[in-house]
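Novice: attaching a predicted model along with its sequence, questions to come.
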Amino acid sequence: MSMLEELQLSANHLSGGLPKSIGLLTRLHELSLYINQLSGRIPTSLGELSSLFKLDVSYNSLDGVLSEIHFMKLNNLVVLDLSENLIMFNVSPHWIPLFQLNYFRACSCNVGPQFPNWLQTSTYIIDIHFSNSGIRDSIPQWFENITFHLGFLDLSENKIGGNLPRMRNPGDIPSWIGKKLSKLRILNLQSNNFMGKIPPELCQNNALQHLNLANNNISGMIPHCIYNLTGMIVTSVDFQYYASPYEENIESYIKALNNLNLSRNLLSGQIPTRIGNLNKLESLDFSMNLLSGGIPPSLATLNFLSYLNLSFNNLSGQIPFGNQLQTLGDPLAIYGGNNELCGPILVRSCNKKNLSDTHVSDKDGNNEIQDF
């Protein structure tokens, strides 16, 4: 066994703990034990695996504390997935690891309360999952410096906010996310403490395909430039996690933002007239905001839409008619809490006042976009 280079036992029914003797497998390159029933602490002997470049123990019941000694000789590590365990990080804020990660997932682990300073040396990182990781800090100034290759950023279900770099006001979503993260495809900032407005710079990211800002304290209007988010869905991507610098082979693209969730905020104003330009949109959730005015007719042209929630706003006027809109399920779940909406789908007839509240025309919408 001392010559073993790969150990893949994932998706079985393994139980018990990791043996201390794991540190004797000094030639091991990959250790994949995800989706099992492993429990107990990760032995410190793991730090002896100087050849290890991939460690994935996600979706187990491991617990205990990880400290610098667990990573003592892991100078080749580039993929680290600890998600859905009860693991806690306890490293010095001044610790500088020997490795540089390309891929780091620690969902439901305790990485916080501070943002992990040791990550700032991972300048080729492309994937960060910190959902529900106990962070109650602000995003540090150095974070912008490691985002050039970033394609997936999930900071949801934390208490992140405060003094973010290059912000207009404390608590705002930083504008550099749109300017600098040109390869970012998935952005999830759900359930944090972000405030202020959605930065219009976010519209500059033409690769974004999943945007979730739900359950924050974001206010203001939905930027009318949001129809520019005709991002790229990568249909075939080969991530070379183990190469340095990071390499990406993209065979083909389809332009489309496919998921947009801005629910449970304080957004006001109207739904952008050109929302229909996001013609590959599959899921749209603007529920529980302060949106007013009519539903734009272009919404009815979204032929790929399979989920829509506009409930509990102040929308008014006639609901647009379209083949796809008639197939989306219970109208009360989609439009409920908007007492001035009308139309056959709600079995509520429209009077002259309702019809006068119909969404602005395309001409007016263009003027609003120019003004913005």
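Specialist: Thanks, I have the structure now. Numbers count the residues shown, from 1 in each chain.

Novice: next one: phi and psi at Ile22?
Specialist: phi -60, psi -30 (degrees, to the nearest 10).

Novice: before we move on, what about the one 3 residues further on?
Specialist: The phi/psi pair for Leu25 (degrees, to the nearest 10) reads phi -90, psi 70.

Novice: isn't it up against Glu6?
Specialist: No: judged on Cβ atoms under 8 Å, Leu25 makes no contact with Glu6 at a distance of 10.2 Å. Every residue, glycine included, has its C-beta placed from N, CA and C.

Novice: for the stretch 151-300 of the chain, give me the ranges with low pLDDT.
Specialist: Within the stretch 151-300 of the chain, the ranges that satisfy pLDDT under 70 run 162-171, 230-256.

Novice: change it to 80
Specialist: In the predicted model, the stretch 151-300 of the chain carries pLDDT under 80 at residues 161-172, 178-180, 182, 206, 224-257.

Novice: please enumerate the helices of it.
Specialist: Per DSSP state H, counting those that start in this stretch, the stretch 151-300 of the chain carries helices over the ranges 176-180.

Novice: which stretches of the stretch 1-150 of the chain have low pLDDT?
Specialist: Using pLDDT under 80, the stretch 1-150 of the chain drops low at 1-2, 138.

Novice: look at Leu25 and Glu6 and report which has more neighbours.
Specialist: Leu25 (21 against 11; other Cβ atoms under 10 Å).

Novice: which residues does that one contact?
Specialist: Contact partners of Leu25, counting by Cβ atoms under 8 Å, 6 or more residues apart in numbering, are Met1, Ser2, Leu4, Leu7, Leu49.

Novice: now for the nearest residue to the second one once chain neighbours are set aside, how many residues are close by?
Specialist: Read that as Ser2. Nearest residue to Ser2 in three dimensions, chain neighbours excluded: Leu24, at 6.3 Å (Cβ to Cβ, 6 or more residues apart in numbering). As a burial measure, Leu24 scores 15 neighbours (other Cβ under 10 Å).

Novice: for Phe53, see how far away Leu24 is.
Specialist: Here Leu24 is placed at a distance of 18 Å from Phe53 (Cβ to Cβ, to the nearest Å).

Novice: can you pick the most crowded of the contacts of Leu25?
Specialist: For the contacts of Leu25, the largest number of neighbours (other Cβ under 10 Å) sits with Leu49, at 24 neighbours.

Novice: what are the phi and psi angles of that residue?
Specialist: Here is the backbone geometry of Leu49 (degrees, to the nearest 10): phi -80, psi 80.

Novice: please name the residues that touch it.
Specialist: Going by Cβ under 8 Å, 6+ apart, Leu49 touches Ile22, Gly23, Leu25, Thr26, Leu28, Leu31, Lys73, Leu74.

Novice: filter the residues you listed down to the buried ones.
Specialist: Among these, those classed as buried by 16 or more other Cβ atoms under 10 Å are Ile22, Gly23, Leu25, Leu28, Leu31, Lys73, Leu74.

Novice: strands - which of these land there?
Specialist: Among those, the members found in strands (DSSP state E) are Leu31.

Novice: what's the end-to-end length of stretch 51-58?
Specialist: Distance across stretch 51-58, first residue to last, is 20 Å (Cα to Cα, to the nearest Å).

Novice: can you tell me which of the contacts of Leu49 is closest to Asn303?
Specialist: Leu31 (45.0 Å; Cβ to Cβ).

Novice: hey, where'd the strands end up in the stretch 201-350 of the chain?
Specialist: 210-212, 219-221, 232-234, 237-240, 247-250, 253-255, 259-261, 266-269, 283-285, 290-293, 307-309, 314-318, 340-342 (DSSP state E, counting those that start in this stretch).

Novice: check contacts around the nearest residue to Leu328 once chain neighbours are set aside.
Specialist: Once flanking residues are discounted, Leu328 sits nearest to Leu308: 5.2 Å by Cβ to Cβ, 6+ apart. Residues near Leu308 by Cβ under 8 Å, 6+ apart: Ser283, Leu284, Asp285, Leu299, Leu325, Leu328, Ile334.

Novice: how much space separates Leu308 from Ile345?
Specialist: Using Cβ to Cβ, Leu308 is found at 12 Å from Ile345.

Novice: could you tell me which residues touch both of those two?
Specialist: Contact criterion Cβ under 8 Å, 6+ apart; residues shared by Leu308 and Ile345: Leu325.

Novice: number of residues surrounding the closest residue to Gln270 other than its chain neighbours?
Specialist: Excluding the flanking residues, the one nearest Gln270 by Cβ to Cβ, 6+ apart is Gly293, at 3.8 Å. A count of nearby residues for Gly293, using other Cβ under 10 Å, gives 19.

Novice: Gly293 and Ile271 touch, don't they?
Specialist: Yes: the criterion here is Cβ under 8 Å, and Gly293 meets it with Ile271 at 7.2 Å.

Novice: now do the end-to-end distance for stretch 292-309.
Specialist: So stretch 292-309: terminal residues 14 Å apart, Cα to Cα.

Novice: sorry, wrong one. I was asking about stretch 106-118.
Specialist: Using Cα to Cα, the end-to-end distance of stretch 106-118 comes out at 14 Å.
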